[in-house]
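>>> Next input, structure requested:
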Amino acid sequence: MQQLSTLEDIPCVTLPEDYQSNPGPFLARMYQEHGPIFRARTDWWQDIVYLVGPEANRFVLASNRLKFSHRQGWGQFFGVIETYGDGLLTMDGPEHDQHRRMMNPAFTISYMDRYLPLMNRIIRERTATWLDRGEVDVFEEARKITFDVAAEALVGLQTGPEVDRFREIFFSLIMLGQNADDDGKDYGTRLAELQGELYDLLLPKIRRRRQQPTDDVLGMLVRARDDHGNALSDEQLIAHTNILLVAGHETSTSLSAWLLYLLSQHPSYAQRVLEEQDALLARAAEPSLEAIKRMKLLEHALSEAERLYPPVSNGPRGVLEDFEFGGYHVPAGTHVFYSISGAHRIPTIFADPARFDPDRFAPPREEHKTPYALVGFGGGPRICIGINFAQVEIKALISHLLRNYQLELVPDQQIVQMYMPTSMPLNGIRMRVSKRAAL
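Okay, the predicted model is just below:
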């Protein structure tokens with residue numbers, strides 16, 4: 001195909017009205033109609049180029065990743081730097097690689113043995129009141145659990161009023177601008193207030209770590225030195241902490257809630273997962289890391305939740321250097337999305353893609369073995385640093401809930417997914433809770 005030279009030559013599509021709640025099927029259909037590259041014009045941005053499919057994912061995440069900027073994507077396009085500071089998510093090039101090396105040891109699978117006991121404790125304590133309450137919003141409850149875990153495991157904060165206030169601040173920041181009003185204050189005023197409160201809470205923690213080192217991630221960062229022997233500044237430490245706390249609970253919150261929803265709607269597969277749990281663990285036992293690794297049926301269900309309800313629909317990038325893909329030329333300065341939700345719905349890779357079918361991830365099918373087909377946690381050298389942390393935490397949570405409680409979806413709810421920009425159920429997911437019957 002002849003190389004084309006302008007954005008205007010790239011096929012242009014019109015986003016549907018329900019795009020924000022259901023982007024995957026539409027983007028997969030556009031992929032089938034136009035191929036792996038097309039663009040859209042929106043009310044809020046002139047041209048966004050979509051790159052869809054496994055080869056597009058590989059192109060952005062691995063083979064040509066240095067042509068794409070996280071700082072221009074997440075940092076500027078989605079306003080992450082303005083809101084949380086310039087942390088690991090928004091860094092590019094050698095700066096990112098250096099800061100990631102500082103954190104890597106705390107996120108290896110072997111390190112999860114240190115986190116799992118506190119995960120199990122927080123899960124047990126946070127769910128202890130569910131039976132008495134009789135009905136819970138599993139999305140809100142998952143947020144409390146996953147934030148408590150991130151706050152203690154990554155930053156060393158103890159569950160209680162202080163962590164509750166941290167969680168409220170972060171949720172207010174995530175939702176800032178989405179609500180009809182924020183106490184009658186304009187966006188900038190409310191943002192500055194929340195950031196100021198966060199700064200006042202975090203700065204004493206950082207100073208205490210400098211005086212009394214710890215082995216959590218914040219403690220590692222306080223002790224870390226760059227290639228020139230310099231310590232990280234207060235602003236850098238706060239930005240890293242903010243991103244760790246946001247990313248450390250948002251993905252797990254979303255996937256946990258949607259996985260519980262999917263299992264409630266597919267009781268035959270839920271029963272298979274439960275039988276696997278009973279084979280691996282006694283009813284009152286808390287899972288070990290080895291047991292977590294052996295929960296294959298639950299792992300496949302988690303992968304299917306990641307495919308159907310990825311925490312992020314599209315990965316934003318700024319283009320640093322002109323590139324050619326799919327027969328088209330894309331100039332530097334363009335904003336692109338590599339489409340996670342679109343790739344997950346391509347029927348030539350994932351058979352009957354709208355169907356909940358965790359067995360697609362089991363041998364011999366293993367549909368996800370197509371490189372860069374399943375990218376809910378990204379891929380390549382910058383795959384989500386917290387992937388092990390999230391997967392262990394979610395499996396521990398679902399294991400505890402299935403072995404101890406019967407969860408039933410409250411009828412007559414409108415279950416609607418919404419990307420803002422991470423996936424959340426617009427009205428929550430309410431479930432009735434009863435005690436699981438004895439074996």
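
>>> what ranges do the helices span in the stretch 51-200 of the chain?
Using DSSP state H, counting those that start in this stretch, the helices of the stretch 51-200 of the chain run over 54-58, 70, 80-84, 93-103, 112-127, 130-133, 138-155, 161-175, 187-211.

>>> Could you point out which of these sits nearest Thr422?
helix 161-175 (7.6 Å; C-beta to C-beta). To be clear about C-beta, it is placed using only N, CA and C from the backbone, and glycine gets the same treatment.

>>> How about the closest one, which residues are buried there?
By neighbour count on 16 or more other C-beta atoms under 10 Å, the buried set for helix 161-175 is Val163, Phe166, Arg167, Ile169, Phe170, Phe171, Ser172, Leu173, Ile174.

>>> buried set for the longest helix belonging to the chain?
Longest among the helix segments of the chain by residue count, using DSSP state H, is helix 234-265. Using 16+ other C-beta under 10 Å as the test for burial, helix 234-265 gives 236-264.

>>> Figure out which of the helices of the stretch 51-200 of the chain is closest to Ser399.
helix 112-127 (8.9 Å).

>>> quick one: low-confidence ranges for the stretch 51-200 of the chain?
Scanning the stretch 51-200 of the chain for pLDDT under 70 picks out 178-184.

>>> hang on, the earlier thing: taking helix 93-103 as reference, get the angle to the longest helix of the chain.
70 degrees (axes from the mean of the first three to the mean of the last three C-alpha atoms, to 10 degrees).

>>> Closest one of the buried residues of helix 161-175 to Ala224?
Comparing the buried residues of helix 161-175 against Ala224 with C-beta to C-beta places Phe166 closest, at 22.6 Å.

>>> roughly how far apart are that closest one and Pro105?
24 Å (C-beta to C-beta, to the nearest Å).

>>> Next: Gln158.
23 Å.

>>> do the same with Gly379
Per C-beta to C-beta, Gly379 is found 21 Å from Pro105.

>>> okay, those two: which has more neighbours?
Using other C-beta atoms under 10 Å, the more surrounded residue of Gly379 and Pro105 is Gly379, with 23 against 12.

>>> Am I right that the more buried one is in contact with Tyr372?
Yes. In this structure, Gly379 is within contact of Tyr372 by C-beta atoms under 8 Å, at 5.3 Å.

>>> Common neighbours of these two, please.
Asn57, Arg58, Leu61, Ala62 (C-beta atoms under 8 Å, 6 or more residues apart in numbering).

>>> Let's see if you can find the most crowded of the residues you listed.
Going by other C-beta under 10 Å, Asn57 tops those with 26 neighbours.

>>> tell me the contacts of that one?
Leu51, Tyr338, Ala343, Tyr372, Ala373, Val375, Gly379.

>>> and if you look at Ile385?
Leu88, Arg100, Met103, Asn104, Phe107.

>>> filter these to the buried ones?
Leu88, Met103, Phe107.

>>> what separates the second one from Leu221, distance-wise?
Right, the one you point to is Met103. Using C-beta to C-beta, which is the criterion applied here, Met103 is 7 Å from Leu221.

>>> Common neighbours of those two, please.
His240.

>>> mind listing the strands for the stretch 301-439 of the chain?
Per DSSP state E, counting those that start in this stretch, the stretch 301-439 of the chain carries strands over the ranges 314-319, 323-325, 328-330, 335-339, 405-409, 417-419, 423-425, 430-435.

>>> before we move on, back to that, who wins for most neighbours among the contacts of Asn57?
Ala343 (30 neighbours).

>>> helix, strand or coil for Arg39?
strand (DSSP: H, G, I helix; E, B strand; the rest coil).

>>> And for it, the neighbour number?
Neighbours of Arg39 (other C-beta under 10 Å): 22.
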